[in-house]
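> take a look and give me a structure for this.
(one chain, ligands or ions: 1)
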Amino acid sequence: MIYLTVTLSVLLGCLAAGLAVFLGRYFIQGRYKRFVSENSACLRALKEINARFTFFPEADFDQKHTYDNENFFDTISCEDFLIYQLQYQAKKIGEQIAKVAYNRSEYCKYIDEIKALRLGEFSSPLGKLKREKVQKVEKELCHKTKLAQPVTQFSLTVRLYCARINGRIYAAKEENFSAERVLALMKRMGNKSGTFYRDRGIWDAICRVERGKVSNRMRFSIYARDGYRCRNCGASQRYAALEIDHIIPVSKGGKSTYDNLQTLCHKCNVEKGNKL
Ligand SMILES: [Zn+2]
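Numbering: from 1, shown residues only. This next block holds a predicted model:
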């Protein structure tokens, strides 16, 4: 019993001593911090500089797509896919590129201003405080107060996957695009007449991606909708190889939508060619 009491009081003693040391440090540390935040010329100047700068946040424009058809996965490049997406997202992506460029130039100015700041100047005497420790605390506080580096480099990644019918991905490719490359594509896409792009490379890329929107899943549901027969001559699956045809051809601006797709036999499809 006595042994237990002694152990317990020793334990409590240790705890109390530990707590005292902790509290002591905590209050001393607090005094240093208070002195620095009230008297450091550097910290005050830093806060004033911070108030003058605002940066734009990072925005994610990465593109991802999964093909269930190996043929499309092989023929469509990451750049093709990006060109297709730029038809709809060029404005937002262009704005983000401009914002990142703004961040970059503003952050350079910010860093230059910060480099000019001097540590170790205080508006009132240190008194009993140790100079070495005051300066250490000042350095830490200034470091914490510095604005975090904003996004200063634009980049966009396109990732294309190929998956089996059960969803298992067995092939993938990805490519990263710099701001310069995206802007160059946008410039080529600016050359337009109506909904058509005059740049042949751009138009071909868009057509490849549009055709690639007919997934295997979609193909089979269109065969089923059309009763597994050619919509032109009525040949059935048993006698003819059935194919999916774009009623308005992709090269003429037709889309890969259910309304614009039909089942044709190989013969009728070849005869129809690129006609409407
Ligand atoms: Zn036919």
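
> residues from the stretch 101-250 of the chain in reach of the ion?
Contact residues (C-beta under 5 Å from the ion) of the stretch 101-250 of the chain with the ion: Cys230, Asn232, Cys233, Ala235. Every residue, glycine included, has its C-beta placed from N, CA and C.

> what sits against whatever residue of the stretch 51-200 of the chain ends up closest to the ion?
Per C-beta to the ion, Asn71 is where the stretch 51-200 of the chain lies closest to the ion, at 22.3 Å. Going by C-beta atoms under 8 Å, 6 or more residues apart in numbering, Asn71 touches no other residue.

> change the start of the numbering to 701 and stick with it
Shifting the count to begin at 701 puts that one at Asn771.

> tell me the two of the residues of the stretch 801-950 of the chain next to the ion that are most distant?
The largest separation in these, counting by C-beta to C-beta, is between Asn932 and Ala935 at 8.5 Å.

> looking at the two, which is more packed in?
Higher neighbour count among Asn932 and Ala935: Ala935, with 19 against 16, using other C-beta atoms under 10 Å.

> what is the burial count for the closest residue in space to that one that isn't next to it in sequence?
What sits nearest to Ala935 in space, not counting adjacent residues and going by C-beta to C-beta, 6 or more residues apart in numbering, is Cys965, at 4.5 Å. Cys965 has 23 neighbouring residues, counting by other C-beta under 10 Å.

> separation between Cys965 and Arg919?
Separation of Cys965 from Arg919 (C-beta to C-beta, to the nearest Å): 15 Å.

> name the SS class of the residue nearest to the spatial centre of the chain, please.
Closest to where the C-alpha atoms of the chain average out (C-alpha atoms, centre = their mean) is Asp760, at 2.4 Å. Following DSSP: H, G, I helix; E, B strand; the rest coil, Asp760 is assigned to coil.

> with Lys828 instead?
Assigned with three-state DSSP, Lys828 falls in the coil class.

> quick one, what contacts it?
Contacts for Lys828 (C-beta under 8 Å, 6+ apart) come out as none.

> if I look at it, how far off is Arg725?
Remark: distance between Lys828 and Arg725 (C-beta to C-beta) = 16 Å.

> verify the stated contact: Glu838 with Leu817.
No: with contacts counted by C-beta atoms under 8 Å, Glu838 stays clear of Leu817, the gap being 10.9 Å.

> and these two? Which one has more around it.
Between Glu838 and Leu817, counting by other C-beta under 10 Å, Glu838 is the more crowded of the two (24 against 15).

> report pLDDT for the more buried one.
Model confidence at Glu838, given as pLDDT, is 96.

> just the element for it, please.
Using DSSP states H and E, Glu838 falls within helix 831-845.

> what residues of that helix count as buried?
Neighbour counts using 16 or more other C-beta atoms under 10 Å place Val834, Gln835, Val837, Glu838, Leu841, Cys842 of helix 831-845 among the buried residues.

> what's in contact with that helix?
With C-beta under 8 Å, 6+ apart, helix 831-845 has contacts from 729, 732-733, 735-737, 740, 742-743, 746-747, 750, 817, 819-820, 822, 826.

> filter those residues to the buried ones?
Tyr732, Phe735, Val736, Ser740, Cys742, Leu743, Leu746, Phe822.

> check contacts around the residue nearest to Ile783 when sequence neighbours are not counted.
Using C-beta to C-beta, 6+ apart and skipping residues adjacent in sequence, the residue nearest Ile783 is Ala905, 4.4 Å away. For Ala905, the contact set (C-beta under 8 Å, 6+ apart) comprises Ser777, Glu779, Asp780, Ile783, Tyr784.

> kind regards, and thank you for your time.
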